[in-house]
Structures are given as structure tokens and as C-alpha cells.
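> With the sequence up front, the predicted model follows.
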Amino acid sequence: MKRSIAALAAAGATVLGSACLVLLPQASAATAGCRVDYTVTNQWQGGFQAGVKVTNLGDAITGWSLRFTFPDTGQKVAQGWNATWSQSGATATAANADWNRQLATGASTDLGFTGTTTGANPVPASFTLNGVTCTGTTGPTTTTTPTTPTTTTTPSPGSTPLAANGQLHVCGVHLCNEANRAIQLRGMSTHGLQWFDSCYNDASLDALAKDWHADLLRIAMYVQEKGYETNPAWFTDRVNSLVGEAEERGMYAVIDFHTLTPGDPNYNLDRAKTFFAAVAARNAARKNVIYEIANEPNGVSWSAIKNYAEQVIPVIRAADPDAVVIVGTRGWSSLGVSDGSNETEIVNNPVNATNIMYTFHFYAASHKDNYRSTVSRAAAKLPLFVTEFGTVTATGGGTLDQASTTAWLDLLDQLQISYANWTYSDADESSAALRPGTCAGGDYGTGSLTASGALVRSRISTPDNF
Ligand code: IDC
């Protein structure tokens, strides 16, 4: 369902209502017209997601406020992006963010939100920009593809994700860059280093950075299954060297303490403290490191996970005070959903620490609408990071589910949730991005990609919104 509402306000129209002057004291008073493209990009039971493209057709403005009224009083903005969203009664307002306050004549900016609804989900009939009504012809536009948030700034050619963003931090429910701007990182996860270490070399990492345009390498360091516990020194060194390889190529690195079986992270608490003390000390001066302290807790309560986090986080902070830390969630990092729970157990009892995010994982062929609606809802309250997802079933194999993968990645793009795909490896399983034998052969070009690899690369390699 996509509608376009285009209009040029009559010459000499009043340009700013007094309410807008209060909201935007520095706004220039010269809006003469505007166009709004409002697209419902996703709908589910009780909720929906909309993209809103605002185009300024008048004189350049240096601040703006967009207003519209929902036709159904049950419609409510839950979580918005690329503007400060508020709602009073049925009227929603989006005020510019700092970085998109300037709109030249003809310039546009993409906003969006997830909303809740009690029933019908009609499209607002009209919009105002700085008090000027964007009325006019209404009709379907040519495409129903969800819009990706875009910005008025473009990174300079050749600039890397790390150079463009610097040290990251958590701001509200988002991941923000050094300029305090919400960003999304998109990248790949390694497979277990104990099995696929040969896949991470100069050629493969160059391909990831330069051909895939990945922002992020997640380094999956299994603790069991012949992982860290068998040789802490080797695994610690290897993780450190891969953080450095990512840094050299301008990518962020997530250090994943890949607990899986047993599912209670407290089983590995001492190992976690030793490991994170070492890697946090080694990488403290680097701006590209993010710590993921427990891959997928399972068969364990949220309070046990929280207790683990509150013991490991201070160890990291003691050595590397400013890095973002990501905390696994119950039910294989499903925010509890796979255990019959949901995000409220975290919202009501969050980890006692700042600058942290919570992990959400999905496998597109196994985890669908009820997981997506949980993420849409949770994203309004919790900073989320999808440190691992698959295009296939939760076994890591089976059929690639293109439709579900697309729905997921559209949602993550709209919510600006960062993600890494399982796996950048040539494992003989459909989740792997590289065909079996690739890492021995050494050619990481597009001919080496599996169906999953080609699909994920097509998403990751599009221009970043930094
Ligand atoms: C899978 C690997 C597979 C390996 C198995 C056991 O793809 O080769 O034999 O682990 O170690 C996860 C886990 C991740 C799993 C993946 C697919 O984080 O370790 O990898 N998965 O099953 N959670 C959900 C799915």
C-alpha cells in the first residue's frame, strides 16, 4: 500500500504556525511547498511499519516539523527513526534530527516508524511541513519497495566505515557514531575459528571490506566444541589479530564469546573473565571493537544471564571503559521468545550497566512473524544488535527462505538495527556464504558465492547511511 501526496502550496501561504515556531526557533521561515510519500512497508497483527519520504519543494529550510493525523484513532507511533517523533491524540509529529535539519529546495529525507494499531490501518489523508499543507494529487507510485533511510550527507569516496564513524556508543535505543548520529552496521560472522580459520586471510578479508563493503566482522570464538577451553592462548591471540585485520580494513569487529552448549553462560564465567580481561586490555586503544559476552544462552533464566553480564561487564570496563558491550538473551538470544517468554523480562529487569545492547538472533526459515513483531516492539525500548542471523533454518542448513530474509532485513534497515550473517565461510551447509572448497582455492570473487552469500552480499554492499 503506497500513496503519494504531492503538492505545492499556493504562493504567499502562511509558512509557519506559532506551534512550529516554538518547536523550531531556528527554522528559516520559507517553506513554500512539500511532497510526502507515505509507504506502509510491513504489517502484522496489531502493528505496522511505515516509511515517510519528505521532499521540500519550497525555499531551503534549516529546520522542519512534519505533522499528520492518523485516520484511525487506534494508530500510534511506537518507534520512529531519523526524526524526533511524538504523538498527541491522533496527530503525530516528526521534528528534524540534527543531521537532517537542512533541506535544500528539492531535497528529501527518509523517516519512518513502527506503529501499533487496533484495527484498520488507513493512510493519513494529509501532511503539513512547517505548517504548510502538502495537499494535492494522491495516487499510487510506481514501486512498493521499502525505502532505506537516506541522509543529506554522503561519506567521502574511499572513506571506511571506521573512518566515517570512529568510536561508537549507545544512544537511546540506537548505536551511534562519534558525531552522535544513529547508524546501522551490516556485516558477516565468521564460522568457528577452530574449524574454519583458513577462511580468514588477507584475500578473504579484502573481499569482505572492498567487494562486499561490509562494515563489520563478527569473530565467532566458540568456547566449547574444541574451542577456547582447549587452548586459551591460541584463541586469544587469534581473536586479537583478527580485530587488527578488521581495523586495517576500516571494519568494526565484534568479539563473540560463542557459548552454545552448555547454555548457561555462568558455566564459563571464569573463562569469560580471563578472556575478556585479556582482549579488552589488548584492544582498548582501538576504536573498532565491540564485545559480545555470550552468544546464545539457552535453558537458563534471564536473571542468571543478567547475573553473568553484571560480573563480566566490569572486567571489560576496567580495561576498555568506552566500548559497546552486547548481552545475549534468553532462548538462544531470541529475547526469550523461543522459550515462551518475550522482551518484557529484560525491560522490567535490565542489566545494571550503561553503553550496552541486547542480542537478537534469527534464522529466516524458522523464525517469522511472531519474532518480527517482538523485535518491532522491543526496538522501541531496548537497544538491539542482531549479531547473528541465517537465511536458512536454525540448524544452519535447509532451504534458503528469501522472502523471510527480505522481510527481516527490511525491518532491520528501517529500525537501524545492525546485523551480521552466519557465516562467512565455506562450510558445507546452506547458511555458508562461500561454496565448499573456496578457502583452499583462495578466490573470493562473486563466483565463489552460494545462493545465501549472493543474497546477503546484495544487501550488505549497498551504500551505507553514515
Ligand atoms: C552451527 C554451525 C554448524 C555447527 C553447529 C554446532 O553452522 O556447522 O556444527 O553450529 O557448533 C546458532 C549458533 C551457531 C550455529 C547456528 C546454526 O549460534 O553456532 O552454528 N545457529 O545452527 N544459533 C542458531 C543457529
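Perfect, thanks for sending it.
> Need the nearest residue in space to whatever residue of the chain ends up closest to the ligand, chain neighbours excluded.
In the chain, the residue found nearest to the ligand is residue 396; the distance is 3.0 Å by C-beta to the nearest ligand atom. (Glycine included, C-beta is placed from N, CA and C.) The shortest distance from residue 396 to any non-neighbouring residue, by C-beta to C-beta, 6 or more residues apart in numbering, is to residue 431 (4.5 Å).
> picking that back up, Provide the secondary structure category for the residue of the chain closest to the ligand.
State at residue 396, reduced to three classes by DSSP: H, G, I helix; E, B strand; the rest coil: coil.
> Check which helices and strands the top strand by length along the chain sits against.
When the chain is parsed with DSSP state E, its longest strand is strand 33-44. Under the contact definition 3 or more C-beta pairs under 8 Å, 6 or more residues apart in numbering; DSSP states H and E, strand 33-44 sits against strand 2-8, strand 47-56, strand 65-69, strand 127-129, helix 369-378, helix 402-415.
> what comes up buried for it?
Buried positions in strand 33-44, judged by neighbour count with 16 or more other C-beta atoms under 10 Å: 33, 34, 35, 36, 37, 38, 39, 40, 41, 42, 44.
> Could you list the low-confidence segments of the protein?
1-32, 42-44, 136-158 (pLDDT under 70).
> Now compare the buried residues of strand 33-44 and name the two farthest from each other.
Across these, the longest distance by C-beta to C-beta is 34.9 Å; it joins 33 and 44.
> rewinding a little: quick check, the residue nearest to residue 396 in contact with residue 453.
No. Under the criterion of C-beta atoms under 8 Å, residue 431 makes no contact with residue 453, lying 9.7 Å away.
> Pick out whichever of these two has more residues nearby.
A direct count of neighbours by other C-beta atoms under 10 Å for residue 431 and residue 453 places residue 431 higher, at 29 against 25.
> re earlier: so which of the buried residues of strand 33-44 are also by the ligand?
Taking C-beta under 6 Å from any ligand atom as the test, the ligand is in contact with none of these.
> Turn the residues you listed into JSON lines, including distance to residue 238.
Shown next, in JSON lines, are these (distance: C-beta to C-beta, whole Å):
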{"residue": "33", "distance to residue 238": "58"}
{"residue": "34", "distance to residue 238": "54"}
{"residue": "35", "distance to residue 238": "53"}
{"residue": "36", "distance to residue 238": "51"}
{"residue": "37", "distance to residue 238": "48"}
{"residue": "38", "distance to residue 238": "49"}
{"residue": "39", "distance to residue 238": "45"}
{"residue": "40", "distance to residue 238": "46"}
{"residue": "41", "distance to residue 238": "41"}
{"residue": "42", "distance to residue 238": "40"}
{"residue": "44", "distance to residue 238": "42"}
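> Tell me the one of those residues nearest residue 465?
Residue 465 has its nearest neighbour among these in residue 41, at 15.9 Å by C-beta to C-beta.
> Would you mind measuring from that closest one to residue 123?
Going from residue 41 to residue 123 by C-beta to C-beta, to the nearest Å gives 12 Å.
> closest one to residue 352 among the helices and strands packed on strand 33-44?
Residue 352 lies closest, by C-beta to C-beta, to one member of the helices and strands packed on strand 33-44: helix 369-378, at 18.9 Å.
> Now do that closest one: everything it contacts.
Contact partners of helix 369-378, identified using C-beta atoms under 8 Å, 6 or more residues apart in numbering, comprise 42, 44-47, 49, 78-79, 114, 334-335, 337, 342-343, 346-347, 360, 362, 384, 407-408, 411, 415, 417.
> Neighbours of residue 58, how many?
21.
> Hmm, it is touching residue 34, no?
Yes. Using C-beta under 8 Å, residue 58 is in contact with residue 34, at 6.9 Å.
> Narrow the contacts of helix 369-378 to just the buried residues.
Counted by 16+ other C-beta under 10 Å, the contacts of helix 369-378 give 42, 44, 47, 49, 78-79, 114, 334-335, 337, 342-343, 346, 360, 362, 384, 407-408, 411, 415, 417 as buried.
> Would you map the helices across the chain?
18-23, 161-165, 193-196, 202-206, 232-248, 269-283, 302-319, 330-333, 344-347, 369-378, 402-415, 438-441, 451-460 (DSSP state H).
> Can I get the last one in CSV, CA atoms only?
Taking Å, rounded to 0.1, in the frame of the first residue of the first chain, the C-alpha atoms of helix 451-460 are listed here in CSV:
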residue,chain,number,x,y,z
ALA,A,451,22.8,-18.6,-3.0
SER,A,452,22.8,-17.3,0.5
GLY,A,453,26.1,-15.5,0.0
ALA,A,454,24.8,-13.8,-3.1
LEU,A,455,21.6,-12.7,-1.4
VAL,A,456,23.4,-11.3,1.7
ARG,A,457,26.1,-9.6,-0.3
SER,A,458,23.4,-7.8,-2.4
ARG,A,459,22.1,-6.4,0.9
ILE,A,460,25.3,-5.6,2.6
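> That helix and the ligand in contact?
No. Contact of helix 451-460 with the ligand (C-beta under 6 Å from any ligand atom) is absent, the minimum separation being 11.7 Å.
> buried sites along that helix?
With burial defined by 16+ other C-beta under 10 Å, the residues of helix 451-460 counted as buried are 452, 453, 455, 456, 457, 459, 460.
> hang on, the second one packs against residue 434?
Yes. Because the distance of 6.0 Å satisfies C-beta under 8 Å, residue 453 is recorded as touching residue 434.
> what about the residue lying closest to residue 249 once chain neighbours are set aside, how many neighbours?
What sits nearest to residue 249 in space, not counting adjacent residues and going by C-beta to C-beta, 6+ apart, is residue 209, at 3.8 Å. Neighbourhood size, residue 209 [other C-beta under 10 Å]: 21.
> Sounds good, over and out.
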